[in-house]
Each structure stands twice: as structure tokens, then as C-alpha cells.
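*Asks:* I would like the atomic coordinates for the input below:
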Amino acid sequence: FVNDIFTQKVNKLVFYISLPCLLFSKTAQFSLEGNSAIRISLVLFFCMLCCLILGYLTGWILKIPRFSLGTFIQGAYRGNLVYVGLPIVFFSFSNSPRNNIGTIESLAIISIVPIMISYNIVAVVILQGKSKKQGKRIITYFLALCRNPIILSCITGYLYSLSGFLLPPIIFRTCSTIGQMALPLALLGIGTTLRFEGLRKNLIPSVSAACIKVILSPVLGYLLGTFFSLQSYEMKISLIFCSCPTAILSFVMAQQMGGDEKMSIGIIVFSIFLFFFSCGLILSI
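*Replies:* Predicted coordinates:
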């Protein structure tokens, strides 16, 4: 039933329609009380910085060529927060009281908006190559970032929530219904996108970056969460996001900006395998 054409269409449907509807409907109904979203975002941001530093130092120790270093560092810090992190956060709190589920889901979405923007900005910086057209690529990518439907839907929904108005039922139910298909289709798209060719060639760098992202990152997240005095549910959300495997978008970025495509694939694959263990441990606590 699944081939490359099907996968491309599904990913496009999720990216441009169903996921923006889900994110908008959740953030538009969000009522910001306290500083939970800020604290979670700070934990994720500082965790990203730590992984950046570890990625650079590990790349230097492994003597990774300059051509591949940006790809290695991106794989070490860029987690799949939307397609993997959100479904697990949603499902892990599914047994919570009904009046708390919506708040937790909206909190999780609001918390990752600034991190997604940071991911993209940092990726553009570290993936700069030697191409004469690189400047044009950077400008083009930043323009595309401003038109990103996932980021725009979160920002639009958040701004609407600040207005204090409730969404009209017809809009809320429509967005909510369309959004229900986003996460299952996103997970299906991730599975069909994986490729296993050439894993041996970049075995050590791929496993090293995957370990930083999936194993060391949640450890750092726990230490940072303790420092920021996160409550139990805030800590759980943070650790799930910190343990997320490397985002598949890192492959797209490496491809578009002259990075090491094969290494990015290896990092994604190994990080997903390691993710089963790290996330399983987090959910069992």
C-alpha cells in the first residue's frame, strides 16, 4: 500500500494541512497561567546548547571532516519534537483528568515553538558550506522559515489565545477533526522515509551523534529541569522532548545546504533505535 509517491503526498498533507490545524486548535485554546511553558522552553534551549557544544567537541575528537561536521552537530542537537515528541506527550498523559489533558497538550505545543525556530536558525549557521551560492541559499531558507506552516500555525494560534476570545465551534471542530489524522500519518511517514544504505561507512560518527541526542540529552534535561525546579509533569514533558530522536528534517537540511546526506541518514536511524530504550525508561519512571 505504501510507496514513495504515497509517502510524499502523506508528508505534504501532514505538513501543510493536518498538523497546522492541530497546532492552531490547541494553541488558540491555550490559557497561559504561570510560567510552565517558559521553564520548559528554557530547559530545552539550554539542553540544545549543551548538545551543540558536545557535538562540536566530539566531532573534533573524531576528526570529522569539515564537510561533514555541520551535519554531525545538527544530528546531535536537533530532535524530532513535532512528529515524535508530541504524539508521545499526548499519549503519555491520556489517562490524566479530562480537564487537564487539553492544558498539557497546549503547554507542550507552546513550549516547543521557540525551540523549533532556534533549531532552524542554528542549522542554517552550522551548515554553511563553501558554495558561492551559499549566501543566496541562506536568504532563501530564512524566507522559507518565515512561511513555515507549522511555525505560523503555532504563532497565529498563540496570538489568538491572547485575544481572550474562544474559537467559534465550527472552526474549532473542523481544525480538531482534521488535526486528529496528523500524528498517525506523521508516524507512518517517518517509518516509510527511513533508509539503511551506507550505515557502515559512517558507523562511529552516526552512533556518537545519536548517543548525544538520545542518551546524554535527557540526562542534561533532567539536571536542567532540577535546576529550574520543574514539577513532575513539566519534567516528564521536558525529558520526552529531550530524548526525541534526530529530526528527519536534518536530512533535508543537509541535502539542501551541501552537507553529508549519508551521515545524516545514519544518525537518524541509530537515534530512533536508541530512542526506544531512553524514552521507555522515561515513561516507566
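*Asks:* shaky segments in the stretch 151-285 of the chain?
*Replies:* For the stretch 151-285 of the chain, residues meeting the criterion pLDDT under 70 lie at 190, 193-199, 256.
*Asks:* thought Ala182 was touching Cys21?
*Replies:* Yes - judged on C-beta atoms under 8 Å, Ala182 makes contact with Cys21 at a distance of 7.3 Å. All C-beta spots, glycine's among them, are computed from the backbone N, C-alpha and C.
*Asks:* please, where are all the helices along the stretch 151-285 of the chain?
*Replies:* 169-179, 182-193, 203-211, 217-227, 232-242, 249-256, 261-284 (DSSP state H, counting those that start in this stretch).
*Asks:* tabulate those helices in JSON lines, adding columns for mean neighbour count and distance to Phe15.
*Replies:* Shown next, in JSON lines, are those (neighbours: other C-beta atoms under 10 Å; distance: least, C-beta to C-beta, whole Å):
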{"stretch": "helix 169-179", "mean neighbour count": "14", "distance to Phe15": "13"}
{"stretch": "helix 182-193", "mean neighbour count": "17", "distance to Phe15": "9"}
{"stretch": "helix 203-211", "mean neighbour count": "21", "distance to Phe15": "24"}
{"stretch": "helix 217-227", "mean neighbour count": "19", "distance to Phe15": "25"}
{"stretch": "helix 232-242", "mean neighbour count": "23", "distance to Phe15": "20"}
{"stretch": "helix 249-256", "mean neighbour count": "20", "distance to Phe15": "10"}
{"stretch": "helix 261-284", "mean neighbour count": "20", "distance to Phe15": "17"}
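*Asks:* of those helices, which is nearest Tyr119?
*Replies:* helix 249-256 (8.3 Å; C-beta to C-beta).
*Asks:* so what does the closest one touch, helix or strand wise?
*Replies:* Using 3 or more C-beta pairs under 8 Å, 6 or more residues apart in numbering; DSSP states H and E as the contact test, the elements touching helix 249-256 are helix 66-77, helix 98-126, helix 261-284.
*Asks:* let's go with 7 Å and repeat that
*Replies:* The contact analysis (3 or more C-beta pairs under 7 Å, 6 or more residues apart in numbering; DSSP states H and E) places helix 249-256 against helix 66-77, helix 261-284.
*Asks:* now do the last one against helix 66-77: the angle between them, please.
*Replies:* Put simply, helix 261-284 runs at 10 degrees to helix 66-77, going by axes from the mean of the first three to the mean of the last three C-alpha atoms, to 10 degrees.
*Asks:* show me what helix 261-284 is packed up against.
*Replies:* Secondary elements touching helix 261-284 (3+ C-beta pairs under 7 Å, 6+ apart): helix 66-77, helix 203-211, helix 232-242, helix 249-256.
*Asks:* the third one versus helix 261-284: what angle between them?
*Replies:* Read that as helix 232-242. Using the same axes, to 10 degrees: helix 232-242 against helix 261-284 is 160 degrees.
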